[in-house]
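Q: sequence first, predicted coordinates after that:
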Amino acid sequence: MELKKAIIKKVSGTRRRLQPEEVAEDISGSLGIPPNEVKRAMNELVLEGKLEFTFYGQSFVELPLGMSRRKKSKPSSKREPSA
């Protein structure tokens, strides 16, 4: 479970698109897990709907459109007076 959380954190922590190999190498190095296990966990996250593989001339791993890359602030409940 820690592995999947680390992958989500890595992908959500940047605005640029990351390649699957880049994520696998980074997570592998920081957690001491073989890159193939990281890729397997990414595939599981895709099947769970928590990640997407996209292709724009090359492969990338991203959060699905419905998932926010950063926390959104709550909308203000104050209404402006109408004229």
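A: Okay, I see it.
Q: which residues touch the residue nearest to the spatial centre of the chain?
A: Nearest residue to the geometric centre of the chain (C-alpha atoms, centre = their mean): Val11, 3.2 Å. Counting by C-beta atoms under 8 Å, 6 or more residues apart in numbering, Val11 touches Leu18, Val23, Leu51, Val61, Glu62, Leu63. Placement of C-beta: from N, CA and C, glycine included.
Q: how much space separates it from Gly49?
A: 14 Å (C-beta to C-beta, to the nearest Å).
Q: which SSE is the residue nearest to the centre of the chain in?
A: helix 2-12 (DSSP states H and E).
Q: and after that helix, which helix or strand comes next?
A: helix 20-31.
Q: measure how that following helix sits relative to helix 2-12, angle-wise.
A: 130 degrees (axes from the mean of the first three to the mean of the last three C-alpha atoms, to 10 degrees).
Q: next, the buried residues of helix 20-31.
A: For helix 20-31, burial by neighbour count (16 or more other C-beta atoms under 10 Å) applies to Pro20, Val23, Ala24, Asp26, Ile27, Ser28.
Q: same question for stretch 46-54.
A: Lys50, Leu51.
Q: can I get the CA coordinates of it in CSV?
A: Provided in CSV are the C-alpha atoms of stretch 46-54 (Å, rounded to 0.1, in the frame of the first residue of the first chain):
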residue,chain,number,x,y,z
VAL,A,46,-4.7,2.1,-13.7
LEU,A,47,-7.1,-0.8,-13.2
GLU,A,48,-8.4,0.8,-10.0
GLY,A,49,-9.0,4.0,-11.9
LYS,A,50,-6.5,6.0,-9.9
LEU,A,51,-4.0,6.5,-12.7
GLU,A,52,-4.1,6.7,-16.5
PHE,A,53,-1.5,5.9,-19.1
THR,A,54,-1.7,8.5,-21.9
